[in-house]
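Novice: show me how the following folds:
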Amino acid sequence: MSRFALLTDLPNRTSSEARRELLREVTGSLSGRVTGEEAAELDKILASVAADFTVEVRTEFAKLVAASTTRFCHSAEQFALDEIEVAAPVLRHSQALSEDLLLKVVNEKSQQHMMAVTQRSTVSPRLSHALVERGDDEVVSSLLGNDGATIADNTYDMVMERADASPMLQAGLVRRKSVPLDLLNALYLKTEADLRREILAMFGTVKPEELEKAFERSRSRVTTRYRRPPEDMADARKRLAALEAQRLLAPPVLASLLREGLASRTAFILTFAKLADVEFEVVQQAVDAPDLDTLALLSRGANFDRGLFVTLAVGLDKSSTGLAKAEEYGALYESVPVQAAQRALRFWKVRAG
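Specialist: Predicted structure coming up:
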């Protein structure tokens with residue numbers, strides 16, 4: 001009689017000592033002191049009778065299977081589809097699980113099961129995509145925090161769409177080493193001040209060859225969702241053409257356009273975008289907010305002088321204390337690293353081209 005046959009009788013045993021003795025024997029077996037045939041038999045028995053065990057016993061066996069160097073494929077798969085207490089250690093650690101089985105877990109089981117899958121030492125691109133499709137923000141954030149997860153560009157695009165309304169995902173993207181730089185650049189327009197500083201710091205230190213690869217990717221990606229053009233866009237284009245014809249298209253003209261008020265607001269945005277050589281929508285979004293961090297980045301990268309930025313910031317400030325903040329705006333301008341700003345603008349330029 002096989003020394004593992006008593007497993008089939010375990011549900012009928014009420015003695016805790018008998019259970020502990022069995023666990024000790026199985027532990028020893030899972031540590032490598034079994035032949036290949038014995039391991040296969042134990043795997044088969046565990047899988048066939050696991051449903052008869054209590055959750056507590058299944059959890060103990062699942063921990064042993066997850067930690068074992070022996071590939072207990074049948075029992076590992078059985079436990080992976082079990083309740084989360086049983087499944088978690090196997091989903092996190094077992095190397096006996098196939099990608100198809102893990103995809104089945106993602107498609108059929110709970111968010112907690114998916115969370116455990118995100119914590120594996122490696123996660124394939126296909127599995128990462130499924131986790132982003134079905135997982136909640138906590139699951140996706142955990143995936144982003146796993147350096148062993150491989151995430152394809154189209155999967156990152158899905159995360160970016162969700163990050164619009166999720167500070168958790170924004171932070172996960174910014175702090176993940178392998179996120180494409182062009183996506184980080186687009187993310188700058190959506191994040192809060194702390195994350196923006198982290199993005200700029202990355203642009204200040206990234207290697208030139210990495211930047212070139214990112215610029216090349218950016219040419220073939222479409223990540224900006226264009227708004228409907230303002231109704232007076234045609235008039236604004238005529239105004240811009242007139243400024244060019246009169247040789248007045250230079251940064252100082254922005255102050256004059258801004259002072260003209262709402263009637264020239266579209267012309268102001270269009271002229272700013274032309275002078276900075278970036279998309280109209282980038283400037284429009286920053287002006288409408290108003291997002292003075294982004295306007296400082298644009299001004300710094302386009303070599304607008306400090307005084308002009310302060311004038312624009314005061315003019316766009318919707319509060320009644322804008323003029324009193326002139327020094328604060330000047331400090332904001334100075335805080336933006338020129339090299340990082342120019343690199344950020346280059347992404348917006350190539351996307352416009």
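
Novice: so where's the chain uncertain?
Specialist: By pLDDT under 70, the weakly predicted segments of the chain are 1-35, 49, 70, 217-227, 322, 350-353.

Novice: and residue 330, how many residues sit next to it?
Specialist: For residue 330, the tally of surrounding residues (other C-beta atoms under 10 Å) stands at 16. C-beta here means a position set from N, CA and C on the backbone, and glycine is covered the same way.

Novice: where do the strands of the stretch 51-200 of the chain begin and end?
Specialist: In the stretch 51-200 of the chain, no strands are defined using DSSP state E, counting those that start in this stretch.

Novice: the helices in it, which residues?
Specialist: 55-67, 73-80, 84-93, 99-108, 111-118, 125-134, 137-144, 153-163, 167-174, 181-188, 193-205 (DSSP state H, counting those that start in this stretch).

Novice: these: which one's closest to residue 309?
Specialist: Closest to residue 309 of these, according to C-beta to C-beta: helix 193-205, at 16.2 Å.

Novice: skipping adjacent residues, who's closest to the residue positioned nearest the centre of the chain in space?
Specialist: Nearest to the mean C-alpha position of the chain, by C-alpha atoms, centre = their mean, lies residue 173 at 3.2 Å. Nearest-residue entry for residue 173: residue 179, 5.2 Å, with adjacent residues in sequence omitted and distances by C-beta to C-beta, 6 or more residues apart in numbering.

Novice: what's the burial count for the one you found?
Specialist: If you count neighbours by other C-beta under 10 Å, residue 179 ends up with 20.

Novice: end-to-end on stretch 201-212?
Specialist: 18 Å (C-alpha to C-alpha, to the nearest Å).

Novice: can you list the buried residues in it?
Specialist: Going by neighbour count (16 or more other C-beta atoms under 10 Å), the buried part of stretch 201-212 is 202, 203, 211.

Novice: TSV please, covering these and showing distance to residue 36.
Specialist: Listed next are these as TSV, based on distance: C-beta to C-beta, whole Å:
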residue	distance to residue 36
202	50
203	55
211	52
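
Novice: so the protein: which segments form each domain?
Specialist: Listed domain ranges for the chain are 1-97, 233-352 (source: automatic domain parsing).

Novice: nearest to residue 242, of the helices of the stretch 51-200 of the chain?
Specialist: Nearest to residue 242 among those is helix 181-188; the distance by C-beta to C-beta comes to 32.6 Å.

Novice: got the helices of the stretch 51-200 of the chain as a markdown table, with distance to residue 325 columns?
Specialist: Below are these laid out as a markdown table (distance: least, C-beta to C-beta, whole Å):
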| stretch | distance to residue 325 |
| --- | --- |
| helix 55-67 | 58 |
| helix 73-80 | 58 |
| helix 84-93 | 51 |
| helix 99-108 | 50 |
| helix 111-118 | 44 |
| helix 125-134 | 41 |
| helix 137-144 | 35 |
| helix 153-163 | 30 |
| helix 167-174 | 26 |
| helix 181-188 | 22 |
| helix 193-205 | 16 |
